[in-house]
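A.B. asks: The following block contains a protein sequence and its predicted model.
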Amino acid sequence: MKELTLFGMLKLVVQRDMTLAMRRRADVLTTLIFFVMVVSLFPLGVGPEMEMLRKIAPGVLWVAALLASMLSLGRLFSADHQDGTLEQLMLTPQPLAVVVLGKIIAHWMVSGLPLVLIAPVLGIQFDMRMETLGILILGLLLGTPVLSMIGGIGAALTLGLRGGGVLLSLLVLPLCIPILIFGTAAVDAVASGLSPVSHLSLLGALLVLALTFAPWVAAQALRISME
Amino acid sequence: MAINWFKYSAPSTFYALAGKLIPWFAISAAMMFAVGLYIGFFVAPVDYQQGEFYRIIFIHVPASILSMFLYLVMAGYAALGLIFNTRLSAMMATAIAPTGALFAFISLWTGALWGKPMWGAWWVWDARLTSELILLFLYLGYMALHSSIDDPRRADRASALLAIVGSVNVPIIYFSVKWWNTLHQGSTIKFSGTTMHVAMQQAMFIMLAACWLYAIAVVLARVRSVILERERQTKWVAELPEVRG
Amino acid sequence: MNGLDIWMRENPLTYVWLGSYAFALLIFAVEIVLVRHKRNLTLEQIRLLREAGEED
């Protein structure tokens, strides 16, 4: 069995997790349906007046994306934890951070990316204009991976605990607030004719920061949880 | 005389030391509170803009400062515990959390009470108050995580990691909330802008010291209970006068 | 809420005192009571543990 490079390991983990996720399409779809449902609740709650809906749309979509991501994060490590694969993965010569990154990438592609793809449809329900919709999507594209990464830390810390998903959300949501703020601010900027570049670049900076540190921190958290 | 710090990192010695220190901190805290309140209410003049209402700041500002500072101290102990594997550091972090959370709560409550006469509403999404609210969430998350893990070692280490991640996030959160607040032209709860009267500064400083001393006393008291619980199977605990009864 | 507003403006010091300082002191008192209670509970637990151990 030839030695795996870091990238090889990454690819392996991503492929494996995606294959497993595809076998359980229901899990993937439920997150998506939750997202759509939460977004649809708001007009029902605040009334169908288009002017107001257009105003709250970016906030609603972002908050719903946050909540939907939280829901699916519990699954990040739990399946592997239960059947013992996680222990094996922790024994590989490759750094655990690479394994974690791979799992997070797979998780995002299965949970975060679908949200980004369906957001335009929901945005139109809220009568968002094309430019604002575009910036919303771009923001979600930059932000949802960060949500997955911070969430990965939370998932590792709460591995196997009774509180489960709710506890994870409690821990992770405050940390995700900056992403929410910059994502919605970018859309609002475009809506008022200003440039969204500063907000989007802050999101980009957070993404780079998360990519650099989150997998390693999550790996440490895994070690703590598995001792 | 060289102080052997490592001696005090043993729970048994620290327990005794803390026990001796608590009365000093408690009494000085009470005295500082008395002096601070006296100056704050009877010496400091009425404010030009805010009348008597501004006097809330003498508890609001120290509570805010303390809630933030305690979080950093907590994260510091958490880091020490993770790096050096000292049990006592982890115990200190656990002991600080509830006090920090309560100060954050006091800060929010007094902030709201200050906001009402100023802005007519009990809550305004002022950048500092909102950051304070998020800080409270961080404290509560820490405490929730710690209490959901049965194994004390895992509980200590997991919540320590959370505290460190949180402390790194606090500047980012504060910055983004400030940004959000200016974007939406939110209200800012601020004091009259111009220089504060000397007596006001004195009162503020003394009250800050009072809260600090109080916090140290309470945390030391709490950590003693934590030590007792963790070390309940040991001989030195069994031979304590308060246990023998 | 109007009654409260009027009362507040007419008694600012009382408002400040009751609302913030008394509240803060109350929180401190609660905290101290909780810490003492925890200590007593823990000591009680340890005593029970000792007695159970001494019976063997």
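C.D. replies: That came through fine. Residues are numbered from 1 along each chain as shown, chains lettered A, B, ... in the order given.

A.B. asks: does residue A:4 count as helix, strand or coil?
C.D. replies: Using DSSP: H, G, I helix; E, B strand; the rest coil, the structure places residue A:4 in coil.

A.B. asks: Can you give me the distance of it to chain C?
C.D. replies: Distance of residue A:4 to chain C, given as C-beta to the nearest C-beta, to the nearest Å: 51 Å. For every residue, glycine as well, the C-beta is placed using N, CA and C.

A.B. asks: Next up, the contacts around that residue.
C.D. replies: Residue A:4 sits next to A:12, A:94 when contact means C-beta atoms under 8 Å, 6 or more residues apart in numbering or on different chains.

A.B. asks: what helix or strand is residue 135 on?
C.D. replies: As the question left the chain open, I've gone with chain A. Using DSSP states H and E, the element containing residue A:135 is helix A:130-157.

A.B. asks: oops, I was thinking of chain B
C.D. replies: For residue B:135, the host element (DSSP H and E) is helix B:127-148.

A.B. asks: And that helix, how far out from the chain middle?
C.D. replies: Relative to its chain's centre, helix B:127-148 lies at 12 Å (C-alpha atoms, centre = their mean, to the nearest Å).

A.B. asks: now that helix and helix A:130-157, what's the angle there?
C.D. replies: Per axes from the mean of the first three to the mean of the last three C-alpha atoms, to 10 degrees, the angle that helix B:127-148 makes with helix A:130-157 is 30 degrees.

A.B. asks: does any bit of helix B:127-148 sit next to chain C?
C.D. replies: No: judged by C-beta under 8 Å from any C-beta of the partner chain, helix B:127-148 stays clear of chain C, getting no closer than 13.1 Å.

A.B. asks: How many neighbouring residues does residue 201 have?
C.D. replies: No chain was given, so I picked chain A. Here the count is done by other C-beta atoms under 10 Å in any protein chain shown, and residue A:201 has 13 residues near it.

A.B. asks: Chain B, not that one
C.D. replies: As a burial measure, residue B:201 scores 13 neighbours (other C-beta under 10 Å).

A.B. asks: any idea how far it is from chain C?
C.D. replies: Note on residue B:201: its distance to chain C, by C-beta to the nearest C-beta, is 19 Å.

A.B. asks: From residue B:61, how far out is that residue?
C.D. replies: 11 Å (C-beta to C-beta, to the nearest Å).

A.B. asks: hang on, residue B:70 in a strand?
C.D. replies: No: looking at residue B:70 with three-state DSSP, it is helix, so not inside a strand.

A.B. asks: Distance-wise, check it relative to residue B:77.
C.D. replies: To residue B:77, residue B:70 is 10 Å away according to C-beta to C-beta.

A.B. asks: what sits in contact with each of these two?
C.D. replies: Common contacts of residue B:70 and residue B:77 (C-beta under 8 Å, 6+ apart): residue B:96.

A.B. asks: chain center to the strand or helix carrying residue A:207: distance?
C.D. replies: According to DSSP H and E, residue A:207 maps onto helix A:197-226. In terms of C-alpha atoms, centre = their mean, the centre of helix A:197-226 is found 12 Å from the chain centre.

A.B. asks: Counting by contacts, list what that helix packs against.
C.D. replies: Packing contacts for helix A:197-226, counted by 3 or more C-beta pairs under 8 Å, 6 or more residues apart in numbering or on different chains; DSSP states H and E, involve helix A:85-90, helix A:96-107, helix A:130-157, helix A:164-191, helix B:152-183.

A.B. asks: If we use 10 Å, what do you get?
C.D. replies: helix A:75-83, helix A:85-90, helix A:96-107, helix A:130-157, helix A:164-191, helix B:152-183 (3 or more C-beta pairs under 10 Å, 6 or more residues apart in numbering or on different chains; DSSP states H and E).

A.B. asks: closest one to chain C among those helices?
C.D. replies: Closest approach to chain C among the helices and strands packed on helix A:197-226 (C-beta to the nearest C-beta): helix B:152-183, 13.9 Å.

A.B. asks: any residue of the closest one up close to chain A?
C.D. replies: Yes: using C-beta under 10 Å from any C-beta of the partner chain, helix B:152-183 reaches chain A at B:153-162, B:164-166, B:168-170, B:172-181, B:183.

A.B. asks: now the following helix or strand past that helix against helix B:152-183, angle please.
C.D. replies: Counting by DSSP H and E, the next helix or strand C-terminal to helix B:152-183 is helix B:198-230. Computed by the same axes, to 10 degrees, the angle separating helix B:198-230 from helix B:152-183 equals 150 degrees.

A.B. asks: if we can go back for a sec, in the helix holding residue B:135, what counts as buried?
C.D. replies: B:127-146, B:148 (16 or more other C-beta atoms under 10 Å in any protein chain shown).

A.B. asks: same thing with stretch B:48-57?
C.D. replies: B:50, B:52-57.

A.B. asks: before we move on, what about stretch A:160-171?
C.D. replies: Buried positions in stretch A:160-171, judged by neighbour count with 16+ other C-beta under 10 Å: A:161, A:163, A:165, A:167-171.

A.B. asks: which pair in these spans the largest distance?
C.D. replies: By the measure C-beta to C-beta, A:161 and A:169 form the most distant pair in the buried residues of stretch A:160-171, at 12.7 Å.

A.B. asks: sec struct for the nearest residue to residue B:116 once chain neighbours are set aside, please.
C.D. replies: Spatial nearest neighbour of residue B:116, excluding adjacent residues (C-beta to C-beta, 6 or more residues apart in numbering or on different chains): residue B:122 at 5.5 Å. Classification of residue B:122 by three-state DSSP places it in coil.

A.B. asks: Pull the contacting residues for residue B:122.
C.D. replies: Taking C-beta atoms under 10 Å, 6 or more residues apart in numbering or on different chains as the criterion, residue B:122 is in contact with B:109, B:111-113, B:115-116, C:1.

A.B. asks: Report the mean per-residue pLDDT for stretch B:73-82.
C.D. replies: Across stretch B:73-82, pLDDT averages out at 95.

A.B. asks: cool, stretch C:8-22 as well?
C.D. replies: The model assigns stretch C:8-22 a mean pLDDT of 82.

A.B. asks: That stretch and chain B in contact?
C.D. replies: Yes: Stretch C:8-22 comes into contact with chain B (C-beta under 10 Å from any C-beta), by way of C:8-9, C:11-21.

A.B. asks: ok, so of those residues, who is nearest chain A?
C.D. replies: So of these, ranked by how close each gets to chain A (C-beta to the nearest C-beta), first place is residue C:20, at 25.7 Å.

A.B. asks: pLDDT weak spots in chain A?
C.D. replies: Residues of chain A that meet the criterion pLDDT under 70 lie in A:1-3.

A.B. asks: Find the centremost residue of chain A, please.
C.D. replies: Taking C-alpha atoms, centre = their mean as the criterion, residue A:148 is the residue nearest the geometric centre of chain A, at 3.5 Å.

A.B. asks: re the thing from before, show me which pair in the contacts of residue B:122 is furthest apart.
C.D. replies: Going by C-beta to C-beta, the pair spanning the contacts of residue B:122 furthest: B:111 and C:1, at 18.3 Å.

A.B. asks: Looking at the two, which is more packed in?
C.D. replies: Per other C-beta under 10 Å, whichever of residue B:111 and residue C:1 has more neighbours is residue B:111, with 26 against 9.
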